[in-house]
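Enquirer: I would like the atomic coordinates for the input below:
(2 chains)
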Number of protein chains: 2
Amino acid sequence: MRALFFDGQVILRDDCPRPEPRPTEALVKVVRAGICRTDLEITKGYMGFKGVMGHEFVGVVEKCHNRQWINRRVVSEINISCGECIFCRSNLSNHCPSRSVIGLKDRDGCFAEYIALPINNLHLVPDSVSDEEATFIEPVAACFEVLEQVHIHPKNNTVVLGAGKLGLLMAQVMKLHGNDVTIVAKHPEKLETAQQLGLKAYPASEVRERSKNVIDCTGTPEGFDLAQRLVIPRGRIILKSTFTAKAPIDPASIVVNEIEVVGSRCGPFRPAVNALQRKLVDIQPLISGRYPLSRGLKALDQAAESSSLKILLTMEE
Amino acid sequence: MRALFFDGQVILRDDCPRPEPRPTEALVKVVRAGICRTDLEITKGYMGFKGVMGHEFVGVVEKCHNRQWINRRVVSEINISCGECIFCRSNLSNHCPSRSVIGLKDRDGCFAEYIALPINNLHLVPDSVSDEEATFIEPVAACFEVLEQVHIHPKNNTVVLGAGKLGLLMAQVMKLHGNDVTIVAKHPEKLETAQQLGLKAYPASEVRERSKNVIDCTGTPEGFDLAQRLVIPRGRIILKSTFTAKAPIDPASIVVNEIEVVGSRCGPFRPAVNALQRKLVDIQPLISGRYPLSRGLKALDQAAESSSLKILLTMEE
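Expert: As a prediction, this is how the structure comes out:
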C-alpha cells in the first residue's frame, strides 16, 4: 500500500505492507488525515520516530472479528496502552509507560491507505459529523484535555497564544465556558481568521492587561516567555505544544508570582465528538489545503509554511 | 542604631536612624532574627534591594498607638500591601503589585535593633513558643503555603529535594499529612540531620521510584532538572526557592508527561504558629550557629557555607 514513511527523511512509499490486524484489532481504510505540527517535529527528529507518519484521521473499518464494526466510520485514540499497569488502572492510560502512539512512537500511523488499530481505541463517528470535521476530533480532544486537568472558572479571562490550528481550536473550546478569551498572535492573516471565528485576537503589543489563564499554543520556546509576561500573579500557564528545543525559564518569577505551569497533551474523544456534532467548534476556516496521499510530500511542505493552517490528506485519488 | 545594611555590599552600620513608626505601625525591638537563603541571594544582587537586610525575626513591641500591643512578643508577615487593590481584596495581599517586603523590597528589614511595622502584619507569639522557635514562624509559614495552593493527598508520596533549612522544614510540614515523605539531598551531614528528625533521606542515586509530588528546595537551577526526573507522569513539581539564575526546561517533557509546576512563596502564619506551639515541627537540629548582631558579617559568611543550616542573630550583646 501507499504511505508517507519517515526514516530520517520523509519518503512516499508504494510498497508498504498492508497491516494485518490482530484478533483484538480492526483494519481501518483511512479516508482523510490531518497534518499536525507534531508531524512536522517528527520530520526534524522529535521522539526519534521511524515508520508511517500521522495520527489524525477518519476511516472506515474493513476487517474486524467483531462484525458490528464492519463498514462503520471511526476515529481512534492515538495511545495504545497495556491495560494493566497502575496508570491504565487509574484511568490515565495515556500515560502508560509501555504505550505506543500511532505515528509517533513504536507504531505505524495513518498517512497510509490502511491502519490496524485496537478496537478499544475506536470511536464511532456520528453521521452528522463530516469526514473533514472528524479529522479534527483528535486535536479538539487535546483541547478538552485542559478542562480535564484544571478548573477554568467561567469568570476568569483566558489568553491563547498562537493563532495556528491548535490555537484556533483551543480558543473555541475555552470560549464554550463563557469566559473571556483572547488570542494573541503575530501573523496578520491568522489574526484575521481568528476574528472570522468570532474570537478577539490581537498582537502581543496591543494586550493591555494580564490574564488568569494563558495557554501556549505557539509551538516555540518564545511562547513560554511571552506567557510569563501575560499571566497575572497566582495565574496559570498551560503548555500545549511539543517541540524539541529547550526553553529557559526564570524560576524566581514563577516562585515570586506563584504561577502554576501545566503541561497538557492528548485528551478525551467524547466531548470532542459532541462539540463537533453540535457545531460548537468551527473547523472550516482552519483548512488551508487538501492533497491526495500521492502528493504527501508537497502537503508536508505546505503544512510547514508559516501562513498555513490545517492541511488534509485524502487517501483515495 | 546598629544594623546589617546592603548597598552593593554588606555593611555593619552603627549610625542607622531608629525607625519612627506611623500611626498604623508599631516599633518593634528585635530580639532574634534568622538568616534565610534569600538574604544570601540579596547579597548577590537579587531583587536589586538596598537597605537593612533580613525578614525572619521575633521581637517585642516598644511603641504603638494601640497600647494593647506594648510589651507583647510578636512576629510579622513580611509583605506590606496597599489593602485596596484587586489582590488585597481577593485575599491575595502577598501579591499586591505595590507591596513592599521587609528586607527584600523597598522596606528596611530586621537585621537591626529596631523595625517599624504595620500593626496589621503582626501576630502574637504564644508563651509556649520560644524565641528561637518564633524566628522559624516565617519559613514554616512558607511551607504551609504549599498546602494553601495545592491538594496534597495523604496517600500520595512526596519527595523534598534539598536537606537545607527550608527542605528540612518542608519535609516536616508535608509529613503532617501522613503521607510518605522522602528527602533527597547530596550533603551527608544534612542527610544525617534529616534522619535525626525521623525523615527518610537518601542521595538521588538511591531513589528507586518516582513520586506524585516533588518539592524543590535546593535553591539551584539543577533542582528543577532533578525534579523532572523524579516526578511521575501527571505529577507535580513545586518550586520553593528563589534564585537569580535561569533554568533550562524541556517543555516537551512537561507536556508529554502532563506535569504541573507550581511556584510557591510566602505563606499563612497561623498554621505555622500552631504547628510550632504543638511541637509538630522540630527546629532545634536546624540551628547551626548563633551570633550577636555585631558579628553579623561573620554570621552571613557562615550561613553561606554549604554545611550550614540556620544561623541566628541575637540583637542584645
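
Enquirer: can you give me the helices in chain A?
Expert: For chain A, helices defined by DSSP state H occupy the ranges A:37-42, A:86-89, A:131-135, A:137-149, A:165-175, A:188-196, A:221-230, A:251-256, A:269-277, A:296-304.

Enquirer: tell me which of the ones you listed is the most buried.
Expert: Mean neighbours per residue, mean count of other CB atoms under 10 Å in any protein chain shown, is largest over the helices of chain A for helix A:165-175, with a mean of 26. Every residue, glycine included, has its C-beta placed from N, CA and C.

Enquirer: would you mind putting the CA coordinates of that helix into PDB?
Expert: Provided in PDB are the C-alpha atoms of helix A:165-175 (Å, rounded to 0.1, in the frame of the first residue of the first chain):
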ATOM      1  CA  LYS A 165      -4.500  25.400  14.000                       C
ATOM      2  CA  LEU A 166      -4.200  24.300  17.700                       C
ATOM      3  CA  GLY A 167      -4.700  27.900  19.000                       C
ATOM      4  CA  LEU A 168      -7.800  28.500  16.900                       C
ATOM      5  CA  LEU A 169      -9.400  25.200  18.200                       C
ATOM      6  CA  MET A 170      -8.300  25.900  21.800                       C
ATOM      7  CA  ALA A 171      -9.800  29.400  21.800                       C
ATOM      8  CA  GLN A 172     -13.100  28.000  20.600                       C
ATOM      9  CA  VAL A 173     -13.100  25.200  23.200                       C
ATOM     10  CA  MET A 174     -12.200  27.700  26.000                       C
ATOM     11  CA  LYS A 175     -15.000  30.000  24.900                       C
END
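
Enquirer: now it and helix A:188-196, what's the angle there?
Expert: Inter-element angle recorded for helix A:165-175 and helix A:188-196: 20 degrees (by axes from the mean of the first three to the mean of the last three CA atoms, to 10 degrees).

Enquirer: let me see the mean pLDDT of stretch A:42-55.
Expert: Averaging pLDDT along stretch A:42-55 yields 94.

Enquirer: ugh, typo on my part, it should be stretch A:259-272
Expert: 96.

Enquirer: so how far is B:Leu161 from the nearest residue to A:Phe49 once chain neighbours are set aside?
Expert: Leaving aside its sequence neighbours, A:Phe49 sits nearest to A:Ile42 (CB to CB, 6 or more residues apart in numbering or on different chains; 5.2 Å). Using CB to CB, to the nearest Å, we find A:Ile42 at a distance of 33 Å from B:Leu161.

Enquirer: remind me which residues of chain A are low pLDDT?
Expert: Chain A contains residues with pLDDT under 70 at A:244, A:317.

Enquirer: that older thread, dump the helices of chain A to CSV, plus distance to B:His177.
Expert: Output for the helices of chain A, formatted as CSV (distance: least, CB to CB, whole Å):
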stretch, distance to B:His177
helix A:37-42, 38
helix A:86-89, 21
helix A:131-135, 46
helix A:137-149, 22
helix A:165-175, 33
helix A:188-196, 45
helix A:221-230, 31
helix A:251-256, 22
helix A:269-277, 33
helix A:296-304, 48
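
Enquirer: which residues of the stretch 151-300 of chain A lie near chain B?
Expert: When proximity is defined as CB under 8 Å from any CB of the partner chain, the stretch 151-300 of chain A approaches chain B at A:221, A:224, A:233-234, A:239-265.

Enquirer: does the residue nearest to A:Phe49 touch A:Gly51 like I think?
Expert: No: using CB atoms under 8 Å as the test, A:Ile42 is too far from A:Gly51 to be in contact (9.7 Å).

Enquirer: circling back: among the residues of the stretch 151-300 of chain A next to chain B, name the ones in strands.
Expert: Per DSSP state E, strands hold the following members of these: A:Pro233, A:Arg234, A:Leu239, A:Ala247, A:Pro248, A:Ile249, A:Glu260, A:Val261, A:Val262, A:Gly263.

Enquirer: please check the residues of the stretch 151-300 of chain A next to chain B and keep the buried ones.
Expert: Neighbour counting over those (16 or more other CB atoms under 10 Å in any protein chain shown) leaves A:221, A:224, A:233-234, A:239-243, A:247, A:249, A:251-265 as the buried ones.

Enquirer: where do the strands sit along the stretch 1-150 of chain A?
Expert: Per DSSP state E, counting those that start in this stretch, the stretch 1-150 of chain A carries strands over the ranges A:3-6, A:10-13, A:25-35, A:51-52, A:56-64, A:73-76, A:79-80, A:100-101, A:114-118, A:122-124.

Enquirer: contacts for the first one?
Expert: Looking back up the chat, that one is strand A:3-6. Contact with strand A:3-6 is made by A:10-13, A:16, A:42-43, A:49-54, A:108, A:111-113, A:293, A:296-297, A:300, A:313, as judged by CB atoms under 8 Å, 6 or more residues apart in numbering or on different chains.

Enquirer: put the buried members of the residues you listed into a PyMOL selection.
Expert: Only the buried members of the contacts of strand A:3-6 enter the following PyMOL selection, criterion being 16+ other CB under 10 Å:
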select buried, chain A and resi 10+12+16+42+43+49+51+52+53+54+108+111+112+113+293+296+300+313
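
Enquirer: so what's the residue in chain A sticking out farthest from the centre closest to, chain neighbours aside?
Expert: For chain A, the residue at maximal distance from the C-alpha centroid (CA atoms, centre = their mean) is A:Val256, at 32.7 Å. Spatial nearest neighbour of A:Val256, excluding adjacent residues (CB to CB, 6+ apart): B:Arg265 at 5.8 Å.

Enquirer: contacts only, for the residue nearest to A:Arg73 when sequence neighbours are not counted.
Expert: Nearest non-adjacent residue to A:Arg73, counting by CB to CB, 6+ apart: A:Val125, 4.5 Å away. Counting by CB under 8 Å, 6+ apart, A:Val125 touches A:Val58, A:Arg73, A:Val74, A:Val75, A:Ala134, A:Ile137, A:Val273.

Enquirer: can you give me every residue that contacts the spatially closest residue to the last one that is not a sequence neighbour?
Expert: Translated: A:Val273. Residue nearest to A:Val273 in three dimensions, not counting chain neighbours: A:Ile137, with 5.9 Å by CB to CB, 6+ apart. Applying CB under 8 Å, 6+ apart to A:Ile137 gives the contacts A:Val58, A:Val75, A:His123, A:Val125, A:Val129, A:Phe269, A:Ala272, A:Val273, A:Leu276.

Enquirer: widest-spaced pair of the ones in strands among the residues of the stretch 151-300 of chain A next to chain B?
Expert: A:Arg234 and A:Pro248 (22.6 Å; CB to CB).

Enquirer: find the closest residue to chain B in the stretch 51-200 of chain A.
Expert: When distances are taken as CB to the nearest CB, the stretch 51-200 of chain A reaches nearest to chain B at A:His95, 3.9 Å away.

Enquirer: what about that residue, neighbour count?
Expert: Counted with other CB atoms under 10 Å in any protein chain shown, the neighbours of A:His95 add up to 22.
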